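**Q** sequence below, structure please.
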Amino acid sequence: MISSKNNIIIGLEVHVEINTNTKLFCSCPTKGNEKPNSRTCETCLGMPGSKPLLNKKAVEYAIKLCLALNCKINKELIFSRKSYFYPDMAKNYQISQYEIPLGQNGSLKLKSGKEIGITRVHMEEDPAALIHPKGMQESAYVLVDYNRSGNPLLEIVTKPELSSAEEARDFMKQLITVLSYLGIFDINNGIIKADANVSIRESTFVKQEVKNITGFKEIERALKYEILRQKSEIKQGKKLMQETHAWDSEKGLTFSLRKKETEEDYGYIFDSDLVKTEITDELLNKIKSEMPELAHDKISKFVSKHKIKKEDAEIIAAEKELAELFEKVAKAVDPILAAKWLRRELVRVLNYNKKELHEIEIDEKHIIDLLKLVEAKKITDTVAQKLLEKLIEKPFDVNSHVKKENLGAVSDSGKLEKYCKEAIKENPKAVEDYKKGEEKALNYIVGQVMGKTRGKATPKGVNEIIINLINKE
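**A** This next block holds a predicted model:
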């Protein structure tokens, strides 16, 4: 039922390529030789007489996702043939699930706390890749690469409960986090696409589909455009009909493909080549025992056990590798300090270098050594920030480097006072400006002292010494 409060209704059908070594119904590899049509056999090409054989690992991965999304898991796995005539499926039907999906009636929580219902999670084979040399609309011909044909996909269908492009993007982001924690999706090379059903109040919620949106960043862009397009057509007096559009990410627009099909148009029938597969309690219990702690569990633990802010916990837990690094570091140093440095400084340095955490060589020992020095006030935050920037480039022994380069914090009060006196004497105008009430002038003098100490003094300590010296004048 559509809520009277909603002006926009969005439902998603998300297709996730799961990270198995072989295809869903044959032993062809899912990765490797990228020469077109090289990773194929009679089964994934749909040749007469070929027989599909179900990939057990793909089933286990699918069950893991169903459990993570709180789905009811059906005890029989049944496949159907989805008939359609298109060059991306050589046998003119796709092996999918229709009547009885693997998982039903689940949910996924957005960052805001809003829960989005999951209608179904089912397994299916990926079609081939179609290559349009000059783009879908301009190309005079299309090339077909069957390497991808038969790769295992999971389709996640939401209830129409998303009410903005931003919510749709967050749903995709939360889903990718779940997939990453489960270890069933290659976040760097895997394919994740969404078809979105969009309707607006002005059209009395006539549903229009936007197909093949790749990734969680593109979905927000595509849906914002589609919502504006629908509103614009209504303002022009046009009547919207149920139809399918495609998203062109290069041009930043959607274009009409065809009138929207219904599920009945595909003429589903049970696949006689695939027998029913029983999902036994033994298999379910085995997979449940292998389930990892998920992001929402880690957030609760980080807040209750380590007493860090919920906002910090959410950002750290959003990335599995970062969450695992935090847990290792928090065993050796103050968790609040660890959270501050990992959430802010490490992420800052990674973003600046355009790198992901898995791409760098440093491990928890480097971070622990660095933060222990900060915790003991043996180095300043400024020095630690610079060391972290160097560590990202190439790991080194932090303690030895600090000693060798004489980077230890200047804590000798006599030496600090000497530097402060020099800075006051060298900058009389700044001193006079500070006496007149200009706080910026004090910051300037502090900066001069920090330069003299090569950043090895704490700004707070320097600040106090300078104020005392000026007040004595």
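
**Q** give me the neighbour count for the residue nearest to residue 302 when sequence neighbours are not counted.
**A** Nearest non-adjacent residue to residue 302, counting by C-beta to C-beta, 6 or more residues apart in numbering: residue 313, 3.9 Å away. Placement of C-beta: from N, CA and C, glycine included. Using other C-beta atoms under 10 Å, residue 313 is surrounded by 24 other residues.

**Q** tell me the contacts of residue 313?
**A** 298, 299, 302, 303, 339 (C-beta atoms under 8 Å, 6 or more residues apart in numbering).

**Q** could you turn the buried ones of those into a PyMOL selection?
**A** Of these, the buried ones go into a single PyMOL selection, burial set by 16 or more other C-beta atoms under 10 Å:
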select buried, resi 298+299+302+303+339
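
**Q** picking that back up, got the CA coordinates for the helix or strand hosting the residue nearest to residue 302 in PDB?
**A** In this assignment (DSSP states H and E), residue 313 forms part of helix 310-317. These are the backbone C-alpha positions of helix 310-317, laid out as PDB (Å, rounded to 0.1, in the frame of the first residue of the first chain):
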ATOM      1  CA  LYS A 310      28.100   6.100  17.700                       C
ATOM      2  CA  GLU A 311      29.000   8.300  14.700                       C
ATOM      3  CA  ASP A 312      32.600   7.100  14.900                       C
ATOM      4  CA  ALA A 313      31.400   3.500  15.300                       C
ATOM      5  CA  GLU A 314      29.200   3.700  12.200                       C
ATOM      6  CA  ILE A 315      32.000   5.100  10.000                       C
ATOM      7  CA  ILE A 316      34.500   2.500  11.200                       C
ATOM      8  CA  ALA A 317      32.100  -0.400  10.900                       C
END
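
**Q** chain center to it, what's the gap?
**A** How far helix 310-317 lies from its chain's middle: 14 Å, per C-alpha atoms, centre = their mean, to the nearest Å.

**Q** just the ones of the contacts of residue 313 in helices?
**A** 298, 299, 302, 303, 339 (DSSP state H).

**Q** and this protein, what are its domains?
**A** By the assignment in automatic domain parsing, the chain contains the domains 8-285, 293-404, 413-472.

**Q** would CSV of those with mean pLDDT be doable?
**A** Output for the domains of the chain, formatted as CSV (pLDDT from 0 to 100):
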stretch, mean pLDDT
domain 8-285, 91
domain 293-404, 92
domain 413-472, 79
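
**Q** could you pull up the residues touching residue 148?
**A** Residue 148 neighbours (C-beta under 8 Å, 6+ apart): 126, 127, 128, 129.

**Q** now with 7 Å, please.
**A** 126, 128, 129 (C-beta atoms under 7 Å, 6 or more residues apart in numbering).

**Q** the first one touches residue 155, doesn't it?
**A** No. No contact is recorded between residue 126 and residue 155 when judged using C-beta atoms under 7 Å, the distance being 10.5 Å.

**Q** between these two, who's got more neighbours?
**A** A direct count of neighbours by other C-beta under 10 Å for residue 126 and residue 155 places residue 126 higher, at 22 against 17.

**Q** thinking again about what came up before, what do residue 126 and residue 155 both touch?
**A** By C-beta under 7 Å, 6+ apart, no residue touches both residue 126 and residue 155.

**Q** where's residue 326 relative to residue 106, distance?
**A** 28 Å (C-beta to C-beta, to the nearest Å).

**Q** quick one, which of these two is more surrounded?
**A** More neighbours surround residue 326 than the other of residue 326 and residue 106, with 28 against 23 (other C-beta under 10 Å).

**Q** where's the more buried one, which helix or strand?
**A** Per DSSP H and E: helix 320-330 holds residue 326.

**Q** next one: residue 89
**A** Here residue 89 is assigned to no helix or strand, by DSSP H and E.

**Q** OK, contacts around the closest residue in space to it that isn't next to it in sequence?
**A** The spatially closest residue to residue 89, leaving aside those adjacent along the chain, is residue 127, at 5.0 Å (C-beta to C-beta, 6+ apart). Contacts for residue 127 were tallied using C-beta under 7 Å, 6+ apart; they are 88, 89, 94, 149.

**Q** for ChimeraX, write the select line for the buried members of those residues.
**A** Provided next is the ChimeraX selection string for whichever of the contacts of residue 127 are buried by 16+ other C-beta under 10 Å:
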select :88,89,94,149
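
**Q** list just the nearest of the contacts of residue 127 to residue 360.
**A** Proximity of the contacts of residue 127 to residue 360 (C-beta to C-beta) peaks at residue 149, which lies at 36.0 Å.

**Q** my guess is that closest one is in a strand, correct?
**A** No. Residue 149 is assigned coil when assessed by DSSP: H, G, I helix; E, B strand; the rest coil, not a strand.

**Q** pretty sure it contacts residue 128?
**A** Yes. Contact criterion C-beta under 7 Å: residue 149 and residue 128 qualify, at 4.1 Å.

**Q** rewinding a little: distance to residue 228 added to the ones in helices among the contacts of residue 313, as TSV?
**A** Shown next, in TSV, are these (distance: C-beta to C-beta, whole Å):
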residue	distance to residue 228
298	38
299	35
302	39
303	39
339	40
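
**Q** list just the nearest of the residues you listed to residue 219.
**A** residue 299 (23.7 Å).

**Q** separation between the closest one and residue 177?
**A** Taken as C-beta to C-beta, the span from residue 299 to residue 177 is 11 Å.

**Q** so what sits against both of the two?
**A** By C-beta under 7 Å, 6+ apart, no residue touches both residue 299 and residue 177.
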